[in-house]
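[1] Pasting the sequence and the predicted model now:
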Amino acid sequence: MHKERWSGLIPWPQRLTAAPSRLEEIGVSAEKFYGDTKNSIRNVMDMNSNLGGFAIALNDKDVWVMNVAPVKMCEAFSTYPRTYDLLHAWAVFSEIEEHGCSAEDLLIEIIRILRPNGFVIV
């Protein structure tokens, strides 16, 4: 039987890194949950995908890659699934000022969408 929705939730922000109590219902232990979250990269954004070569290079890895070919570089990036473990920002900094944007705005956007302890390739 399922627990009542929202029951047993750990307060925010501890909930970010805690094993959900409902995992017990599907036979996943807290130890397995924590083991699965160590040193893993799952969500990747290629911030200037061009022809998608970075995603192709990761094809044999167990990752989800969001390719972004920005038309208006000064706008916020689409952030489904909200945060990313790895941002590939090849050539983004060198092209940002050509579009009338500032590097500071880009850094703020990177901070917004990068998961804590995430990585950026520049």
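    Sure, I can see it. Residues are numbered from 1 along each chain as shown.
[2] List the residues that contact residue 30.
    Contacts for residue 30 (C-beta atoms under 8 Å, 6 or more residues apart in numbering) come out as 19, 23. Every residue, glycine included, has its C-beta placed from N, CA and C.
[3] rerun at 6 Å
    Shown in contact with residue 30 (C-beta atoms under 6 Å, 6 or more residues apart in numbering): residue 19.
[4] measure it to residue 67 for me?
    Using C-beta to C-beta, to the nearest Å, one gets 34 Å for the distance from residue 30 to residue 67.
[5] Could you do residue 100 as well?
    According to C-beta to C-beta, residue 100 stands 23 Å off from residue 67.
[6] Repeat that for residue 22.
    Residue 22 is 33 Å from residue 67, by C-beta to C-beta.
[7] So for those two, which sits in the more crowded spot?
    With neighbours defined as other C-beta atoms under 10 Å, residue 22 and residue 67 compare such that residue 67 has more, 18 against 14.
[8] nearest spatial neighbour of the more buried one, skipping sequence neighbours?
    In space, and not counting its chain neighbours, residue 67 is closest to residue 49: 3.6 Å by C-beta to C-beta, 6 or more residues apart in numbering.
[9] what's the answer for residue 69, then?
    Leaving aside its chain neighbours, residue 69 sits nearest to residue 49 (5.2 Å; criterion: C-beta to C-beta, 6+ apart).
[10] Would you report the backbone torsion angles of that neighbour?
    Note on residue 49: its backbone torsions stand at phi -70, psi -20 [degrees, to the nearest 10].
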